[in-house]
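[1] need the 3D shape of this:
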Amino acid sequence: MDLRALKELVKKGESERLEFKLKANHPEKIIREIVAFANTQGGLLLVGVGDDKSVPGLKFADDDEFILCRAIEKYCFPEIEYTLERVYVENDREVLVFRIPRSQQRPHYVSLDAAKQEKKTYVRVNDRSIQASKEVRQILKWEDRVQDIKFKYGRKEEVLMKYLGEHADITVDLFSQIARIPLWMASKTLITLTLANVLKISPDETADHFSMAA
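    All right, here's what the predicted structure looks like:
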């Protein structure tokens, strides 16, 4: 990528597949974006670009590259594949371009403290990276590994289809209430129907929304 192509890309602004970072400060936060790209549709992380679409570049690109590459290696699991290139700006300043493809080993997660065994999975929604719910994690894990999902169409599925015939979407909590079933059963049913391509999921920080697949 040359400088002209970079600036054209930056003009488009941040999106589901494009993220800007001015510097490699707080690498523990930046790796969330990388994990989210790998878990969703892939994307580009540009380091040395401001949120205002300015392209100052990095004065010490070697240092920023080392910090980020080490953070990816140390805190992202399973290992994430990516490519890295540099785009020269001016005055010996450069932009780091991380290309992260959609992974076949989803879900990837961030673990900053191995002793606490805290694992946080992120997905990309529009121009933000959000923490994934249990339902999203299960769908990420199985959506490319299973085919021809079979399910029994019973009372709870009938209640669900009737509701979605009259409303745009539903949450796990709401499905549990209207079908009068435990939360775990509501969750499992919605996951199964999503994997069967009957439903689609729209991740959200407060509550995921399930709707009829197109």
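
[2] isn't L22 right up against L46?
    No. Assessed by Cβ atoms under 8 Å, L22 is found out of contact with L46, at 9.8 Å. Glycine gets a C-beta too; all of them are placed from N, C-alpha and C.

[3] between those two, who's got more neighbours?
    Neighbour count, other Cβ atoms under 10 Å: between L22 and L46, L46 has more, with 22 against 16.

[4] name the helix or strand for that one, please.
    Applying DSSP states H and E as the criterion places L46 in strand 43-47.

[5] do the same with V87
    Per DSSP H and E, V87 falls inside strand 83-88.

[6] again, but for V123
    strand 122-125.

[7] just checking: what are the partner strands of that strand?
    Strand pairing for strand 122-125, determined by DSSP bridges: strand 128-131 (antiparallel).

[8] mind listing the helices for this protein?
    All helices of the chain, identified by DSSP state H, fall at 3-11, 27-39, 61-75, 134-142, 155-166, 172-179, 183-195.

[9] ok, and what's touching the strand holding V123?
    Residues outside strand 122-125 that contact it (Cβ atoms under 8 Å, 6 or more residues apart in numbering): 16-17, 32-33, 35-37, 39-41, 43, 109-110, 129-132, 136, 140, 202-204.

[10] nearest spatial neighbour of V198, skipping sequence neighbours?
    A213 (6.1 Å; Cβ to Cβ, 6 or more residues apart in numbering).

[11] what's the answer for L96, then?
    V47 (4.1 Å).

[12] what sits against that neighbour?
    Applying Cβ under 8 Å, 6+ apart, the residues near V47 are 21-24, 30, 58, 64, 68, 95-96, 98.
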